[in-house]
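A.B. asks: Starting from these lines, generate the structure:
(one chain, ligands or ions: 1)
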Amino acid sequence: MHKIADDLKTKTGWELIKTAYHASDAIGDGTRFLIGNGYLGYRGTFAENTKEDYVACVVTDTWDNADGKWEELVTVPNALWTTLSVDGTPFSVKTHHGAFEKTLDLKGALNHSSVSHTFNHGATVSVKESKFASYALKHVVAMRYEVATDQAVDIAITTGIDSDVWSMNGNHFAKSDYFIHEGDYGVNITTTTAKDTIIVLEKTVWPEDAKVDTKAPKRKAHLHITPDKPCVFEKFMIVVTSNDVTHPLDVAKDLYRKIYGFEALKKAHSAAWDALWTMHDIEIEGNLADQLGVRFNLYHALIATPVHKALPIGARGLSCQAYQGAAWWDGEIYNMPMYLFTNPLIAKNLLIFRHKTLDGARAKAKRLGYEGAFYPWVSGKRGEELCPDFFFKDVLTGRDIRNHFNVWQIHVSMDIAYAVMQYYHATQDHAFMEDYGIEMLLEIARFTASRVVWIPHRNRYEIHQVLGPDVYHENIDNNAFTNWMARYALKVAIDALETFSSETIKRVKKTIQLRDDEITLWHDIIDKLMIPSPNKAGVIEQFDHYFDLETVLPASKLKERLIDEGEYYGWPNGIAVYTQCIKQADVIQLMVLFRNQFTEATHQANIDYYEPRTLHFSSLSPSTNAIGAARANRMALSETLFRHSLNIDLLNTKKSVTGGTFIGGSHTAANGATWQMVMFGFLGLTMEGDGLVFHPRLPQSWTRVKTTMYFRDQTIIVTADKATLYLKRRAMSMAPISVSVLNRNYTLHDTLKISIEKS
Ligand code: BGC
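C.D. replies: Numbers count the residues shown, from 1 in each chain. Reported below is the predicted structural model:
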């Protein structure tokens, strides 16, 4: 057993084991042990738990607005709810005296728990729960509930559908009616504003000798168990909504018929996960904690990703309702890159969601006086802006703070243009570009052109009143990240106009009524947009006059100025605003996206400057600086930041509740960025031209790393140790791939073995 932290262990790097129960860990454990399949997420709670224990099953595409302010995904009734009593005395994990173990099996995507209790009359009874959210049948969550004893006892199992759910912002059930189906129960819900139908149906499989009272939705079964005859009870929860199918009740009943048992369902689920791991696993030798951390994060990234439909990956995935299950820039910049190289269809789905929501982005631009597509900072299903004007309170005055994420954080549009090009670069999917990509690029360029300002006395265009990725500094001008991305967005739009067939371009131009004088303007902006370049020391200024702000080093010292622990650090009066302390990577974010366009010396100058000024209060930040540090050959720093990022959900290092608001749940950007830290950071992967570039620099303790990646319809197995990079292609019949390793060029036919030892 390898110790990860107090009470947390792993055996092989494929499982996270918790060895003690603490009631105070309910939020963190519900997230850590979460199960999911991209359609729904079911928190890693116990069958007996209720809303006080943060039980939740969050379902994709169920956005509803119950309180008039927050549109969020719905938490559906819990059909796995089950309790136990032994000889009339309740059994509960909360009061148990005896053994405890809870495991997240990453390979099989299952969670298990085993809890024992010794009763006053001497009998020791244990309850073993196993649950999984089927990857093969996305609408089904399965549970096996086993009760064993060392003495003969009478037990009563109560089970049902718990509709008293934990919902963050109001009650989403305008109507909820129970119905009976083949002796089991279901609940038919109509949501508040969306008026969606949600069906939750249970299926119970009782031991033959169970005497079940079938009269109430919450039913009791009586059994007599002995040491050689434990009780095995199986329960399935079926969830179908009117956004998935036209007749959800019929589909739910059909699934009810198809479910035979836990083991049969598990087989298909395991097979699906074997296939997932084949494309996503990263094997690490030499550091078991890193191995576990990487797999744990990849698992959480995968279960948060919808694959059944073009939907976004929420910032907290399907682990809770926080962050509204909405689309953020996190999706394109933190989650999508892995899928570009593992399963580009998923990347495509994420971008198709952005295409589906183009009208919302156009409407937002128009409303604010701009042209083209200004994507929402927090996007709902139709591209509507879900980010409210007011969401933080000044704890010192009690007044609401007006933040401007929803109107000034314009880089989200350009980030989408970047993602479109990354997808196209990785896949050469012309059809995607013709059907979706070009239109997005042109509308984003159009927005960009309408957002810049011409400054005659400086003879240049500038971009004023924005927020860069570092959200503590609002209302700033010429943010390096935003300006650079803006120029990039214009360039790729022009490239698209010049590269794709004139027929396609004519069609798209006609659809969006793009005029030639707009294109002339784009050329002019590309030539004359202010792009902050490195100063004499090689450092790029984050925005105009950033260098004039007070230096506080290290940034963590800023905390001493707080009057109240709960104060917001940012705009307009927070303690970070007039200092160089930043919430998250900003210039480094830019350098990581365009990592091969900066020299190692520039990477060094910037990471050395910005890392001590970065608070890393966003879960996005450590991973970006970890990659930046690897590019700068600051390997010790890179490793520290890598582990910082890995541990966010693994060790539950972030606050779960702030000012009474739940912000816990899984940090999907950090989960997704794990792949990037290994591949873009430690292996130094980038795409260049038609080929791939590697610059391997492994962490000290790693003796070997191995993964599989996908590029332009080809599968490549990448293995590196301290001395060698080994590449092996699966599809030998296809055109060879050009590869650059440590600035030397090679051609990958079937295999390449390249020495990377430091000379
Ligand atoms: C960060 C944003 C991020 C959002 C959702 C915020 O705390 O500042 O960059 O998009 O969280 O993860």
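
A.B. asks: got the phi/psi numbers for residue 173?
C.D. replies: phi -100, psi 90 (degrees, to the nearest 10).

A.B. asks: what about the residue in the stretch 601-750 of the chain positioned nearest to the ligand, which SS state?
C.D. replies: The nearest approach of the stretch 601-750 of the chain to the ligand comes at residue 618, 4.1 Å away (C-beta to the nearest ligand atom). Where you see a C-beta, it was placed from the backbone N, CA and C, and this is true even at glycine. Per DSSP: H, G, I helix; E, B strand; the rest coil, the secondary structure class of residue 618 is coil.

A.B. asks: what's the nearest residue to it if we skip its chain neighbours?
C.D. replies: residue 584 (3.8 Å; C-beta to C-beta, 6 or more residues apart in numbering).

A.B. asks: How about residue 353?
C.D. replies: residue 310 (4.4 Å).

A.B. asks: if I look at whichever residue of the stretch 251-400 of the chain sits closest to the ligand, how far off is residue 77?
C.D. replies: Ranking the residues of the stretch 251-400 of the chain by distance to the ligand (C-beta to the nearest ligand atom) places residue 315 first, at 3.7 Å. Residue 315 sits 25 Å away from residue 77, going by C-beta to C-beta, to the nearest Å.

A.B. asks: With residue 563 instead?
C.D. replies: Taking C-beta to C-beta, one finds residue 563 at 44 Å from residue 77.

A.B. asks: ok, these two, which is more surrounded?
C.D. replies: residue 77 (25 against 9; other C-beta atoms under 10 Å).

A.B. asks: which residues touch that one?
C.D. replies: Contact partners of residue 77, counting by C-beta atoms under 8 Å, 6 or more residues apart in numbering, are 161, 162, 163, 165, 176, 187, 189, 200.

A.B. asks: List the contacts of the third one.
C.D. replies: When you say that, I think you mean residue 163. Residue 163 neighbours (C-beta under 8 Å, 6+ apart): 77, 173, 176, 187.

A.B. asks: of the residues you listed, list those near the ligand.
C.D. replies: Among the contacts of residue 163, no residue is within reach of the ligand (C-beta under 6 Å from any ligand atom).

A.B. asks: Out of those residues, which end up buried?
C.D. replies: 77, 173, 176, 187 (16 or more other C-beta atoms under 10 Å).

A.B. asks: now the residues you listed in JSON lines, with pLDDT and distance to residue 34?
C.D. replies: Formatted as JSON lines, the buried ones among the contacts of residue 163 follow (pLDDT from 0 to 100; distance: C-beta to C-beta, whole Å):
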{"residue": "77", "pLDDT": "98", "distance to residue 34": "18"}
{"residue": "173", "pLDDT": "98", "distance to residue 34": "23"}
{"residue": "176", "pLDDT": "97", "distance to residue 34": "25"}
{"residue": "187", "pLDDT": "98", "distance to residue 34": "23"}
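
A.B. asks: what's the closest of those to residue 429?
C.D. replies: Distance to residue 429 across the buried ones among the contacts of residue 163 (C-beta to C-beta) is lowest for residue 77, with 40.6 Å.

A.B. asks: Relative to residue 165, how far out is that closest one?
C.D. replies: 6 Å.

A.B. asks: Not counting sequence-adjacent ones, nearest residue to the residue located most distally from the centre of the chain?
C.D. replies: Here the chain reaches farthest from its C-alpha mean at residue 121, the gap being 48.1 Å by C-alpha atoms, centre = their mean. In this structure, residue 121 finds its nearest non-sequential neighbour in residue 87, 6.9 Å apart by C-beta to C-beta, 6+ apart.

A.B. asks: now the strands for the stretch 151-300 of the chain?
C.D. replies: Listed in chain order, the strands of the stretch 151-300 of the chain (DSSP state E, counting those that start in this stretch) span residues 153-159, 173-181, 184-191, 197-205, 211-212, 219-225, 231-241, 282-285.

A.B. asks: and the stretch 201-350 of the chain, which residues reach the ligand?
C.D. replies: Residues of the stretch 201-350 of the chain lying near the ligand (C-beta under 6 Å from any ligand atom): 315, 323, 328, 329, 330.

A.B. asks: my read: residue 561 touches residue 577, true?
C.D. replies: No: contact criterion C-beta atoms under 8 Å: residue 561 and residue 577 do not qualify, at 11.5 Å.

A.B. asks: More neighbours: which of these two?
C.D. replies: residue 577 (17 against 13).

A.B. asks: give me phi/psi at the residue minimising distance to the centre of the chain?
C.D. replies: Central residue of the chain (C-alpha atoms, centre = their mean): residue 668, 2.3 Å from the mean position. Note on residue 668: its backbone torsions stand at phi -70, psi -30 [degrees, to the nearest 10].

A.B. asks: my read: it touches residue 317, true?
C.D. replies: Yes: if you go by C-beta under 8 Å, residue 668 and residue 317 touch, sitting 4.4 Å apart.

A.B. asks: how far away is residue 486 from the ligand?
C.D. replies: Residue 486 sits 18 Å away from the ligand, going by C-beta to the nearest ligand atom, to the nearest Å.

A.B. asks: what's the answer for residue 408, then?
C.D. replies: 13 Å.

A.B. asks: which ones are touching that residue?
C.D. replies: 465, 466, 467, 474, 475.

A.B. asks: Which residue is the nearest non-sequential neighbour of the third one?
C.D. replies: So the one you mean is residue 467. residue 409 (4.5 Å).

A.B. asks: can you list contacts of stretch 749-759?
C.D. replies: Contacts for stretch 749-759 (C-beta under 8 Å, 6+ apart): 696, 720, 722-729, 732, 736, 739, 741-742, 744, 746.

A.B. asks: filter those to the buried ones?
C.D. replies: 696, 720, 725, 726, 727, 728, 729, 739, 741, 742, 746.

A.B. asks: As TSV, the residues you listed with pLDDT would be great.
C.D. replies: Formatted as TSV, the buried ones among the contacts of stretch 749-759 follow (pLDDT from 0 to 100):
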residue	pLDDT
696	97
720	98
725	98
726	98
727	98
728	96
729	93
739	97
741	97
742	95
746	97
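
A.B. asks: Which single residue in the stretch 51-200 of the chain comes nearest to the ligand?
C.D. replies: residue 72 (14.3 Å).

A.B. asks: close enough to count as contact, that residue and residue 166?
C.D. replies: No: if you go by C-beta under 8 Å, residue 72 and residue 166 don't touch, sitting 12.0 Å apart.

A.B. asks: Just the buried residues of stretch 152-165, please?
C.D. replies: In stretch 152-165, counting by 16+ other C-beta under 10 Å, buried: 153, 155, 156, 157, 158, 159, 160, 161, 162, 163, 165.
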